[in-house]
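> Got a predicted structure here, sequence first:
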Amino acid sequence: MNLDDITRKCYILALFIRDDGERFLLGDGAYDFKEDQMHFIGNIFNNDVVEVQGNDGLLLAGQVRRPSSQSFDGYIGDATVAKSDIESYRRNFFAFFRKNYYYTVVYIFQDGTAIQRKRGFIVDAPEVKELFQLFPEYHIALNFEDTNYYDYQENSEGQEIYSKTVNVYPATGPTRGGLIWDSVGVVWDNIGATWEEGGGGTSTVLVESIDNVYPIWEINGPAVNPEIENVETGIIFKYTGSINASQTLTIDTLAKTASLNGVNVLNNLSGSWLYLEPGNNRIVYTTENAGALPSTLKWQEVVG
């Protein structure tokens, strides 16, 4: 069940993607929402405050967000659906929502665009209340490790497409700056990119997000001890080791994972996890070998 296969409605649908790839749609077909179903429950702000001694007021020492649980409620079938089918739908509902899985929730809008919530886990067990097997009520609730909402797009095979992708050319070889494009292929020249042969340079990467983004950094060999720096934040992030021409290093700075052709190489990383701030980020990519290919940064923009 890919996005292309889902008929849009005048309200927001919820497509659940389990971490084993299985999918389940709520809001359409056999699983309509209740009229009072509301998406996008707000986060909770936790504040650390210090009382001002001898005067009025407080001092804000720190502030963090904590996610709230999101409920999904509706009806299975309607009065025209056979009781045997109602029972089949009920079993499918329980079979999908299982313990010890993570769920991505993709919210599909009326115009076909979508946003996602990542790393959801069940907090209210799946429930189907019924007596006569006539459109019984279902209920499930998730909370999320990640407080953000992100862009979501996918190709015809159902594979996620990142909303922003940047090529960052190595400063140790011919420098061509960075290129950035979106899913429809529009390309912009990066501000301040250097196009001269040799001498290295800085690529300026634009982030059109409302919050910091933690990109996937992908390096195709050959590359020796690749290093990337965000000049704006002062963060330097490095992989120690050689990447052969047939190998690809993939570092997910949000999930904090690193693999070289599928093999875990997390222990080869040093420095602070790279992130990009909203606006322009000056990025410097270096390697200790000549002829290195450009590395790639890709991410989903934070939209809520």
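Ah, there it is.

> So, low pLDDT: which residues of the stretch 101-250 of the chain?
By pLDDT under 70, the low-scoring segments of the stretch 101-250 of the chain are 172-201.

> Kindly recompute the last result at 50.
Flagging of the stretch 101-250 of the chain using pLDDT under 50 yields the residue ranges 173-200.

> quick one: the helices in it?
Secondary structure of the stretch 101-250 of the chain (DSSP state H, counting those that start in this stretch): no helices located.

> In this structure, which strand is the longest?
The single longest strand within the chain, with elements called by DSSP state E, is strand 114-129.

> list the helices and strands it packs on?
Packed against strand 114-129 by the contact rule (3 or more Cβ pairs under 8 Å, 6 or more residues apart in numbering; DSSP states H and E) you find strand 70-76, helix 83-96, strand 103-108, strand 137-144, strand 149-154. For every residue, glycine as well, the C-beta is placed using N, CA and C.

> how does it look with 7 Å?
Applying 3 or more Cβ pairs under 7 Å, 6 or more residues apart in numbering; DSSP states H and E, one finds that strand 114-129 makes contact with helix 83-96, strand 103-108, strand 137-144, strand 149-154.

> what about those, which gets the closest to residue 53?
strand 137-144 (37.7 Å; Cβ to Cβ).

> okay if I get the helices and strands packed on strand 114-129 as JSON lines plus distance to residue 61 and mean neighbour count?
Converted to JSON lines, the helices and strands packed on strand 114-129 look like this (distance: least, Cβ to Cβ, whole Å; neighbours: other Cβ atoms under 10 Å):
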{"stretch": "helix 83-96", "distance to residue 61": "43", "mean neighbour count": "15"}
{"stretch": "strand 103-108", "distance to residue 61": "33", "mean neighbour count": "21"}
{"stretch": "strand 137-144", "distance to residue 61": "26", "mean neighbour count": "20"}
{"stretch": "strand 149-154", "distance to residue 61": "27", "mean neighbour count": "20"}
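
> I figured residue 300 hits residue 163, correct?
Yes: when contacts are counted by Cβ atoms under 7 Å, residue 300 is listed as touching residue 163 (5.3 Å).

> between these two, which one's more packed in?
Applying other Cβ atoms under 10 Å to residue 300 and residue 163 shows that residue 300 carries more neighbours, namely 25 against 19.

> If we ignore the residues flanking it in sequence, what's nearest the more buried one?
Leaving out its chain neighbours, the residue that sits closest to residue 300 by Cβ to Cβ, 6 or more residues apart in numbering is residue 150, at 3.9 Å.

> Now do the contacts for the one you found.
115-116, 118, 300-303 (Cβ atoms under 7 Å, 6 or more residues apart in numbering).

> Who does it form a beta bridge with?
Beta bridges link residue 150 to residue 116, residue 302 when assigned by DSSP bridges.

> that older thread, and the contacts of residue 150, which is closest to residue 45?
With Cβ to Cβ as the yardstick, the closest approach to residue 45 among those comes from residue 302, at 16.7 Å.

> Provide a list of residues in contact with residue 105.
14, 16, 116-117, 120, 142.

> Skipping its backbone neighbours, what lies nearest it in space?
residue 117 is the one closest to residue 105 (Cβ to Cβ, 6+ apart), at 4.6 Å.

> circling back to that earlier point, so which of the contacts of residue 150 is the most crowded?
Busiest of those [other Cβ under 10 Å] is residue 300, holding 25 neighbours.

> How about the contacts made by that one?
By Cβ under 7 Å, 6+ apart, the contact list for residue 300 reads 150-151, 162-163.

> Any chance of the residues you listed in a markdown table with distance to residue 135 as columns?
A markdown table is the format used below for the contacts of residue 300 (distance: Cβ to Cβ, whole Å):
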| residue | distance to residue 135 |
| --- | --- |
| 150 | 34 |
| 151 | 35 |
| 162 | 40 |
| 163 | 38 |
